[in-house]
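Quick one: sequence plus predicted model below, questions after.
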Amino acid sequence: MTRVQQAQVIPLDRGDRQRKPAQEGPAVEPTPIRPTPAVEPATGLRGAVADALGFARRRLTGDYTVDQFGFDPDLTETLLLPPLRAVYRKWFRVEVTGAENLPATGGALVVSNHSGTLPWDALMTAVAVKDNRDRYLRMLGADLVFQTPLLGALARKSGQTLACNPDAEQLLRSGELVGVWPEGFKGIGKPFADRYKLQRFGRGGFVSAALRTGVPIVPCSIVGAEEIYPKIGDLKPLARLLGLPYFPITPLFPLLGPLGAIPLPSKWHIHFGPPVPTAEYAADDDPMLLFTLTDQIRETIQQTLYRMLNQRGNPFLG
């Protein structure tokens, strides 16, 4: 009678019916479990498309905020800042120093020289503040800005408001960084022969706003803007006809038409100086104090401009 030998039963691991007994070969080490890599934000074209679709969705659903002055951070960040940032980095190649003098939080008044025939300096300063301190600069603009179709609406959307003390004080009390260019049209419209020579700073209204709110004043000096449109003449009859403070003549405009309106690619340097405190003088409307502080800020900016000009080389090569 044939003797049937009982086969040895080898227990199988749960869920693994192909594994061999340990005694028949070397142990098989389990494959290490690798963590799922984090999904990185889309960049390049995919990122741009995603941002555009996200922006369109927010506009259609109303998922964005606008403050009482008309400032729209979503539109500013998505549509307005990117092209300005390209000009800032690639065309004017702006260098910034003293950004640490801008407060990280709370209100402050940034006071700067004004030049360049068109106010590119205000726009580049706003980009500098955003990129170096991640804060929006709420700029004070002239009446002409808000009276111009389309430009006025875009100015409001980007955070600008009328250059008047009530608006400035309200923004400062709410903890905003406010930018002002006291030279006004006298600054940006001066002839090329007077470049980097500060014009009169008005009646000290900006100092009054800072005193009433107790915020520091940060002097800002900009070198490079004077060379973008060298103004060599002014067609005053045409300016009056169009309701403009001046109609500039430059080496390229109006000779080359629209091409002459392209700014020359000068190298820029923006410097933010140490803040001037005003808290100890809060709500003091003494005319002599206003005059003294206004003159102090103006002289600080002027001397800084002279020092920066002495240190720079070719205005287009930097």
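Right, received. Where do you want to start?

What is the end-to-end distance of stretch 153-162?
12 Å (C-alpha to C-alpha, to the nearest Å).

Could I get the buried residue list for it?
154, 155, 156, 157, 158, 159, 160, 161, 162 (16 or more other C-beta atoms under 10 Å). For every residue, glycine as well, the C-beta is placed using N, CA and C.

what's the residue nearest to the spatial centre of the chain sitting at in phi/psi?
Centroid-nearest residue in the chain, with C-alpha atoms, centre = their mean: residue 127, separated by 1.8 Å. When read as degrees, to the nearest 10, the backbone of residue 127 gives phi -70, psi -40.

Please name the nearest non-neighbouring residue to it.
Among residues not flanking residue 127 along the chain, residue 88 sits closest, at 4.5 Å (C-beta to C-beta, 6 or more residues apart in numbering).

ok, the residue nearest to the centre of the chain to residue 168 distance?
21 Å (C-beta to C-beta, to the nearest Å).

can you list the weak-confidence ranges in the protein?
Counting by pLDDT under 70, the ranges of the chain that qualify are 1-43, 282-284, 318.

which strand in it runs the most residues?
strand 217-223 (DSSP state E).

Check which helices and strands that one sits against.
strand 108-112, helix 120-133, helix 205-213, strand 269-272, helix 287-311 (3 or more C-beta pairs under 8 Å, 6 or more residues apart in numbering; DSSP states H and E).

what comes up buried for that strand?
217, 218, 219, 220, 221, 222, 223.

residue contacts, residue 165?
Residue 165 sits next to 205, 208, 209, 212 when contact means C-beta atoms under 8 Å, 6 or more residues apart in numbering.

how about a cut-off of 7 Å?
205, 208, 209 (C-beta atoms under 7 Å, 6 or more residues apart in numbering).

Which stretches in the stretch 101-250 of the chain count as strands?
In the stretch 101-250 of the chain, the segments counted as strands under DSSP state E, counting those that start in this stretch are 108-112, 137-141, 161-162, 177-180, 217-223, 233-234, 248-249.

quick one: which of these is nearest residue 305?
Comparison of the strands of the stretch 101-250 of the chain against residue 305 by C-beta to C-beta identifies strand 217-223 as nearest, at 5.2 Å.
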